[in-house]
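Trainee: here is the input, now give the coordinates:
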Amino acid sequence: MRGSALPRLAFQRNSQLGDDYWHSVLISLLRGAAAIIVAAAHVRAAMYPGLRTISDPPLWFQGFAFITGFAHQAVLVFFIISGWLVGGSLLNKLDQPGAFTDYAIDRMTRLWTVLIPTFVLTLLFAAAIGAVDTGRVDYSAANEYSALVFFGNMVGLQRVFLPDFGGNFPLWSLANETWYYVLFPLLALLFAARTYMARLAAAAAVLLIVAMLPFSITAYFLIWLLGVAFSRVRIECGPALRLVWLMPLLAVAGYFRLTGTLDAFTTDTLWQDLACSLMFLVFLSSLQFRAAPNSKLVRPLANGGRFFADFSFSLYVLHVPLIALLAHWLATSFGLRQLSPYLPMHFAICVGVIAACLLSAYLSYRLFESQTYRIRRVVKQWATSARRSSQYRTG
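Mentor: Numbers count the residues shown, from 1 in each chain. Got it, this is the predicted structure:
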């Protein structure tokens with residue numbers, strides 16, 4: 001069917017999450033690449049002058065600025081993939097006992113196993129450069145290093161009621177993610193709950209959360225939901241049609257990179273991001289098929305994508321505090337406060353900073369994020385034991 005002239009649309013009950021599917025390979029590759037692009041963009045912004053302030057920028061620097069300018073689209077990819085994987089996985093398990101409890105444990109351990117050590121490292125880095133006094137506990141909402149902001153950022157209150165912890169501005173997107181993790185199961189309960197009272201409670205909770213959140217967070221939930229929806233869509237077509245679709249997708253992404261609004265995710269950027277998201281999801285859905293058993297390409301691509309995807313979350317949340325630490329070290333040790341786009345040695349320093357971010361994020365992953373499944377298993381065992389104990393007492 002994939003070789004037929006016209007595409008065929010099919011709907012599937014469960015999303016396909018196998019590593020031998022081409023869409024899974026692409027998802028892994030994009031997760032790693034998106035985190036690297038975001039980190040490189042922030043290194044460039046922190047260490048180089050803005051492109052428009054340079055009278056005659058070298059060609060290589062223009063190319064570097066162009067590539068790292070896709071950071072907005074990279075974060076958009078995170079939202080889409082999150083909906084596809086997280087929402088799609090919950091839909092797969094809705095009819096299983098304890099699905100919502102397991103889902104809540106999965107989401108909390110996924111976030112906190114990374115965020116808690118990252119926030120502690122952020123405090124240590126800030127103390128090292130003299131930005132914070134770790135000997136004094138502060139509970140002020142105005143202090144971005146306070147205990148209140150620390151714990152508030154763990155539950156997605158940054159950019160809602162509190163600042164980003166430690167000035168780590170990429171944390172804004174985790175507020176979006178956290179509330180999408182909450183809103184989606186509540187929406188699922190509207191259809192899956194067995195009693196009207198449960199459905200009414202879920203609807204009331206959704207309305208209360210939507211009223212509390214900034215409108216931009218709620219608006220981008222639509223893109224997250226598109227990721228969920230397309231995880232159930234399989235588009236069967238041949239490679240020629242897939243390539244034909246890929247060309248305008250890349251052209252649209254490039255067009256919005258050059259002409260669109262890239263600094264924030266607001267209602268002004270929603271329409272351009274919806275266009276990119278829909279085109280990307282159509283392409284991703286066309287890859288929902290297994291690679292040929294004799295394919296020599298799928299295994300190295302899958303292994304490479306999985307390697308970088310594994311620590312992409314750690315890289316995303318840790319790179320800004322690392323950049324601040326490394327920039328301080330370069331300024332105090334070498335008097336280097338800004339890099340020049342005309343000096344090759346300075347570009348080598350920039351590459352070194354990016355490499356240091358990658359290496360540090362990988363080490364953080366090995367120490368903390370890689371323990372997520374072990375911690376998750378322990379928490380689920382405890383929750384199961386507590387539930388059985390409660391049932392025994394009430395029985």
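
Trainee: export the helix or strand Ala65 falls within as CSV, just CAs?
Mentor: Counting by DSSP states H and E, the element that carries Ala65 is helix 59-68. Extracted in CSV, the C-alpha atoms of helix 59-68 (Å, rounded to 0.1, in the frame of the first residue of the first chain):
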residue,chain,number,x,y,z
LEU,A,59,29.5,34.1,6.0
TRP,A,60,30.1,31.2,8.5
PHE,A,61,28.6,33.4,11.3
GLN,A,62,25.5,34.1,9.2
GLY,A,63,25.1,30.4,8.7
PHE,A,64,25.6,29.7,12.4
ALA,A,65,23.1,32.3,13.3
PHE,A,66,20.6,31.0,10.8
ILE,A,67,20.8,27.4,12.1
THR,A,68,20.6,28.3,15.7
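
Trainee: helices or strands up against the lengthiest helix in the chain?
Mentor: Using DSSP state H, we find that the single longest helix of the chain is helix 99-128. Packing contacts for helix 99-128, counted by 3 or more CB pairs under 8 Å, 6 or more residues apart in numbering; DSSP states H and E, involve helix 88-93, helix 147-154, helix 172-192, helix 312-334, helix 344-367, helix 372-394. Any C-beta I mention is one placed from the backbone N, CA and C, and that applies to glycine too.

Trainee: how big is the angle separating whichever helix or strand comes after the third one from helix 172-192?
Mentor: In the C-terminal direction, the helix or strand that comes right after helix 172-192 (DSSP H and E) is helix 196-212. Angular relation of helix 196-212 and helix 172-192 on a 0 to 180 degree scale: 160 degrees, by axes from the mean of the first three to the mean of the last three CA atoms, to 10 degrees.

Trainee: now helix 196-212 - C-alpha only, PDB.
Mentor: Presented in PDB, the C-alpha positions along helix 196-212 are these (Å, rounded to 0.1, in the frame of the first residue of the first chain):
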ATOM      1  CA  TYR A 196     -21.500  11.800  36.000                       C
ATOM      2  CA  MET A 197     -20.100  13.200  39.200                       C
ATOM      3  CA  ALA A 198     -16.500  12.300  38.200                       C
ATOM      4  CA  ARG A 199     -17.100  13.800  34.800                       C
ATOM      5  CA  LEU A 200     -18.500  17.000  36.300                       C
ATOM      6  CA  ALA A 201     -15.500  17.200  38.700                       C
ATOM      7  CA  ALA A 202     -13.100  16.800  35.800                       C
ATOM      8  CA  ALA A 203     -14.900  19.500  33.700                       C
ATOM      9  CA  ALA A 204     -14.900  21.900  36.700                       C
ATOM     10  CA  ALA A 205     -11.100  21.300  37.200                       C
ATOM     11  CA  VAL A 206     -10.400  22.000  33.500                       C
ATOM     12  CA  LEU A 207     -12.300  25.300  33.700                       C
ATOM     13  CA  LEU A 208     -10.600  26.300  36.900                       C
ATOM     14  CA  ILE A 209      -7.100  25.600  35.500                       C
ATOM     15  CA  VAL A 210      -7.900  27.300  32.200                       C
ATOM     16  CA  ALA A 211      -9.100  30.400  34.100                       C
ATOM     17  CA  MET A 212      -5.900  30.500  36.200                       C
END
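
Trainee: tell me the buried residues in it?
Mentor: By 16 or more other CB atoms under 10 Å, the buried positions in helix 196-212 come out as 202, 206.

Trainee: what lies in contact with it?
Mentor: For helix 196-212, the external contacting residues (CB atoms under 8 Å, 6 or more residues apart in numbering) are 160, 179, 182-183, 186-187, 189-190, 193, 218.

Trainee: from the residues you listed, which would you call buried?
Mentor: So, by 16+ other CB under 10 Å, the buried ones in the contacts of helix 196-212 are 160, 179, 182-183, 186-187, 189, 193, 218.

Trainee: list just the nearest of the residues you listed to Ser15.
Mentor: Leu187 (16.8 Å; CB to CB).
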